[in-house]
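*Asks:* Got a predicted structure plus its sequence, pasted below:
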Amino acid sequence: MRVVLSFAALFLSVALLQLSSGGVGPLDALTGLDAGFTQAEVGILGSAHFLGFFIGCWWAPRLMGSVGHSRAFATCTAMGAIGLAAHVLVIDPWFWALFRIGSGICVAGCYTVIEAWLQAKVTNQTRGRAMASYRIADTSASFVAQFMIGALASLETYIAYNILTILCCASLLPLTLTRVPQPVTPKATRLRPRLAWTCSPLGVAAVVVAALSSASFRMVGPIYGQEVGLSAGQIGTFLAAFVAGGALAQYPVGWLADKFDRRWVMIWLSVAAVASCGVTIWSSGQGTGLIMLAAGLFGLTTFPIYSVATAHAHDFATSEQRVELSAALMFFFALGAIAAPLTTSTLIAAFGPAALFYFISVGHVVLVVFGLARMRKRDAPQERTRYVYAPRTTFGIGRLLGRSRER
């Protein structure tokens with residue numbers, strides 16, 4: 001409890017930020033479709049968000065070095081709030097894409113500040129509890145944000161976006177008013193994508209496929225839900241089921257990843273992901289309950305792949321490489337996440353809602369084939385790091401998780 005209370009301001013800021021950012025994607029999709037946006041244009045909004053996320057991950061550490069943690073957090077929050085409030089001033093997909101770049105920068109920048117602050121304050125004795133509390137605050141707020149979609153979509157557009165803007169601004173208060181001294185600004189992480197490929201080509205491939213799965217579902221899932229006849233409230237539950245399935249999978253998958261060859265764990269997760277895609281496609285005509293269960297199964301099979309992939313990649317890295325390797329893997333995740341929403345929304349427009357899950361299935365089939373090929377080229381490492389649930393938040397997350405991976 002002392003650990004939780006000492007970081008209460010940070011965790012409350014995380015929760016409020018996640019309530020705001022977690023709601024804007026589905027709300028944009030539903031509002032944009034009602035306003036006459038094409039499905040491809042809605043996909044552009046999701047891709048724009050991850051483009052902003054990539055920019056924010058690179059820029060935020062440098063901003064912290066110039067103005068400090070609190071001012072950097074305030075700057076990024078202001079960009080997110082301006083982007084949210086501006087949605088009601090002009091209804092145009094290209095302007096909204098610009099606004100979503102701002103929201104992506106906001107999310108990446110704010111998480112960079114929070115994780116840098118956590119890294120400076122945790123000790124080896126409190127690291128595990130602090131990270132567990134951080135994940136609970138983040139995941140719980142993300143889960144709740146999905147349930148807000150039905151209520152927000154039923155309101156007037158300006159009211160819905162004003163609520164999200166208020167939540168974004170409110171995230172400023174706990175962190176900026178805390179009396180805890182600001183830590184020393186960490187050095188910006190070097191971005192070395194080649195390091196990830198050198199350590200583990202399979203890890204890179206799995207991270208990209210994880211991005212295709214997650215970004216496609218979270219950003220284009222509302223289009224799929226509307227196409228199969230779900231209401232706005234049911235779409236929120238559909239997305240929440242994915243988050244819940246992913247959260248429930250972490251412990252059992254982590255146990256398997258520490259006990260067995262992680263390459264086989266990734267391969268069988270991908271096989272299960274292909275099966276869950278088939279179940280989701282089949283369930284679209286079988287009633288709402290089965291659609292929700294299928295979304296939970298999809299989250300259960302796809303969400304942990306990123307963490308297993310990063311654990312496998314870190315098995316081939318030295319302690320000195322961990323921070324830069326985590327950043328490099330996040331770089332590849334961001335690339336996949338930028339491409340996925342536009343691609344899948346275009347496919348849905350051309351071939352129907354099932355195209356979303358056919359596309360994701362193809363990605364996992366490729367991962368299975370590549371994984372089997374890599375197993376013929378290299379043996380499993382003799383010594384392995386601990387499996388760690390790796391949040392896909394910033395390029396600097398490796399600083400928080402580096403010591404946790406050591407045996």
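*Replies:* Thanks, I have it. Numbering: from 1, shown residues only.
*Asks:* nearest residue to residue 365 other than its sequence neighbours?
*Replies:* Using Cβ to Cβ, 6 or more residues apart in numbering and skipping residues adjacent in sequence, the residue nearest residue 365 is residue 274, 6.2 Å away. Glycine gets a C-beta too; all of them are placed from N, C-alpha and C.
*Asks:* Just the buried residues of the helix or strand harbouring that neighbour, please?
*Replies:* Using DSSP states H and E, the element containing residue 274 is helix 262-283. In terms of neighbour count (16 or more other Cβ atoms under 10 Å), helix 262-283 has its buried residues at 262-263, 265-267, 269-270, 272-274, 276-277, 279-281, 283.
*Asks:* Would you check how far apart residue 318 and residue 397 are?
*Replies:* 18 Å (Cβ to Cβ, to the nearest Å).
*Asks:* Look at the two and report which has more neighbours.
*Replies:* residue 397 (25 against 9; other Cβ atoms under 10 Å).
*Asks:* wait, what's in contact with residue 161?
*Replies:* Residues near residue 161 by Cβ atoms under 8 Å, 6 or more residues apart in numbering: 27, 84-85, 87-88.
*Asks:* For it, which non-adjacent residue is spatially closest?
*Replies:* The shortest distance from residue 161 to any non-neighbouring residue, by Cβ to Cβ, 6+ apart, is to residue 87 (4.8 Å).
*Asks:* before we move on, what about residue 353?
*Replies:* With Cβ to Cβ, 6+ apart, the residue lying closest to residue 353 is residue 227, at 3.8 Å.
*Asks:* thinking the one you found is in contact with residue 355, fair?
*Replies:* No. If you go by Cβ atoms under 8 Å, residue 227 and residue 355 don't touch, sitting 10.0 Å apart.
*Asks:* Tally up the residues packed near residue 94, please.
*Replies:* Around residue 94 there are 12 residues (other Cβ under 10 Å).
*Asks:* Helix or strand next in line after the helix or strand bottoming out on mean pLDDT in the chain, which one?
*Replies:* Using mean pLDDT, DSSP states H and E, the weakest-scoring helix or strand in the chain turns out to be helix 2-6, at a mean of 57. Downstream of helix 2-6, the first helix or strand assigned by DSSP H and E is helix 8-34.
*Asks:* Name the residues of that following helix that come out as buried.
*Replies:* Buried, per 16+ other Cβ under 10 Å, within helix 8-34: 9-33.
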